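**Student:** Sequence and predicted structure, then a few things I'm wondering about:
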Amino acid sequence: IALDKNQDDGEQPAAHDLVVATNPDRATLRAAWAALRPGGLCYSEWQRPLCGGPLRVRRRLEAAGFQDVTCYWAWPTGGKPLFWLPLEAPGAPHYVLSNRAPVQSAGKRLVRALYWLVWRAGLRLHLLFPICAIAQKPEPGAADQDPAGDEALLSWVRVHWCEWGLGDRPAELSWVLLTGGAQSINKVVGLLFAGSECAPRLVVKWPRVPESIPALEREVRTLRALHALQPGGIPGAPRLLFCRRTGDSLAVGETTLTGVPLWALLRRENFRTFALQATDWQIRLASHHESQPRHVWWDRLVAPVLADFERHFGAVVDPQQLRETQTILATLDGVPLVCEQRDFSPWNLLIDAHGELVVLDWESAELAGLPALDLLYFLAYLAIFLEGTMNTPRAVASYRATLDPQTFTGGIVAECLARYVEQTGIDRQQVRPLRLLLWLIHSRSEYEQFVREAGGSPPLSRLRSSLFLRFWQEELSELARQNRPLPLVGLIRTSRGTVGQ
């Protein structure tokens, strides 16, 4: 139920779980109280710069009878917020504003510094707005009961804090909420801060909707399995701390891994460095795995992907290309089964303070997947980010360049694949069908997005716009032009470029 200050202060049935109010006065807060069931939540936005800051908002809500008041500032304002900063925990805002992606322009650095000063002044002078407050209507006897909702989770985390090797138990906990992602199935991430500390101590993830629970469960299984394989953990991967179910939902806690987004640091001069660094990371993940015959994995990893692609995109592709794809994929055999992260991309990789890779978001992982797929995906998008063609029609041209070893990006891609093949021992002839299969796999999630957008079967024009469909077509076109194995063997780097040895 939504309330505004002009609403009649009549009796509302006290049966609602949530009440939303904007700039509430005393009468509106009384109506909110009356409408809520015991234990229900009141979300209010205070959009005026003279509302008195979080302290005064807290006092108003507590005077109306609410408890467990938490005040946030959401950014960006006026749109879909990417993060929510707790205003009464000074370390959290400092961390977020101090760890934004670096900028190269002196002018932009000046603007950012001024923005930081204005933000801190607004917080100190109680002029920061809008303030978003969450408060709870207490239940009878609540003082003798365990807390509910976020307070219950924070209390539970505090109890188990020492078990996870995080040091002394903190007196207070707060978190920054990260709510990026345009789709409802994206998760919410909480960076948990202890007291006034300026760095998060752990990460908590929640599903937004029930449909996103399986992805989080997959991440839990993957991190547990990785830790079992390597008790010290995979360098750069988070360590699972807990998986706590409450009712129909769950919360997943992991160690915090921090750094600067790789894409924000990417330049032409460090493109090769990052590409080789990611290659070596993938080699370590794929090490010590023996080749498995096709009958072990085909029906699980390839056959369903082919069937889905034909069902989803068959109406807009040439049947001859589908038959050609089936013929090429049929040559796959005798490859090791490795852990696929399945979203190994510049937006999910950080560079930490020691220059090492940090790999986030394992919810799409395939524990016994196929080799090279993660690396191929990463190298394609690394080139797209370098050339600034992300989310533009020119992304296909950027990808096409990675297939040609005579181009800047293509030469480095070939070098990385040569290293991966040599170190993992896979047959270099398997790279051709693997990179063709890659885009069929990722077209599944793209098709699901089209279905959500259309509320049903997507129109043919939307199917034809599929980026992964066009990457697949580029692969087939390149194979038709070249009709030879990918140049993965020795490379000589010269001042004029990269040539095959």
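**Tutor:** Nice, thanks for sending it over.
**Student:** what's the pLDDT at the residue nearest to the spatial centre of the chain?
**Tutor:** With distances taken as Cα atoms, centre = their mean, the chain has residue 361 as the residue nearest its mean C-alpha position (5.3 Å). If you check residue 361, the pLDDT there is 91.
**Student:** residues touching it, list them.
**Tutor:** Contacts for residue 361 were tallied using Cβ atoms under 8 Å, 6 or more residues apart in numbering; they are 219, 343, 348. Just so you know, the C-beta spots here come from the backbone N, C-alpha and C atoms, and that holds for glycine as well.
**Student:** Need the residues you listed in a markdown table (columns: neighbour count and secondary structure).
**Tutor:** Formatted as a markdown table, those follow (neighbours: other Cβ atoms under 10 Å; DSSP: H, G, I helix; E, B strand; the rest coil):
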| residue | neighbour count | secondary structure |
| --- | --- | --- |
| 219 | 22 | helix |
| 343 | 20 | coil |
| 348 | 19 | helix |
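**Student:** Identify, from those residues, the entry nearest to residue 108.
**Tutor:** Comparing these against residue 108 with Cβ to Cβ places residue 348 closest, at 24.5 Å.
**Student:** ok, so what distance separates the closest one from residue 358?
**Tutor:** 9 Å (Cβ to Cβ, to the nearest Å).
**Student:** what's the answer for residue 229, then?
**Tutor:** 19 Å.
**Student:** quick one: which of these two has more around it?
**Tutor:** Higher neighbour count among residue 229 and residue 358: residue 358, with 19 against 13, using other Cβ atoms under 10 Å.
**Student:** Could you report the pLDDT at that one?
**Tutor:** On pLDDT, residue 358 comes in at 95.
**Student:** can you pull up the bridge partners for it?
**Tutor:** Legend: beta-bridge partners of residue 358 under DSSP bridges are residue 350.
**Student:** That one against residue 281, yeah?
**Tutor:** No: assessed by Cβ atoms under 8 Å, residue 358 is found out of contact with residue 281, at 10.1 Å.
**Student:** Find the residues that touch each one of these two.
**Tutor:** In terms of Cβ under 8 Å, 6+ apart, residue 358 and residue 281 are both contacted by the residues residue 236.
**Student:** need the contact list for residue 358.
**Tutor:** 236, 257, 258, 259, 349, 350, 351, 352.
**Student:** cool, and residue 222?
**Tutor:** Shown in contact with residue 222 (Cβ under 8 Å, 6+ apart): 339, 362, 365, 367.
**Student:** please redo it, this time with the cut-off set to 6 Å
**Tutor:** 362, 365, 367 (Cβ atoms under 6 Å, 6 or more residues apart in numbering).
**Student:** again with residue 292
**Tutor:** Here residue 292 is in contact with residue 337 (Cβ under 6 Å, 6+ apart).
**Student:** now it: how far from residue 341?
**Tutor:** Distance from residue 292 to residue 341, by Cβ to Cβ: 19 Å.
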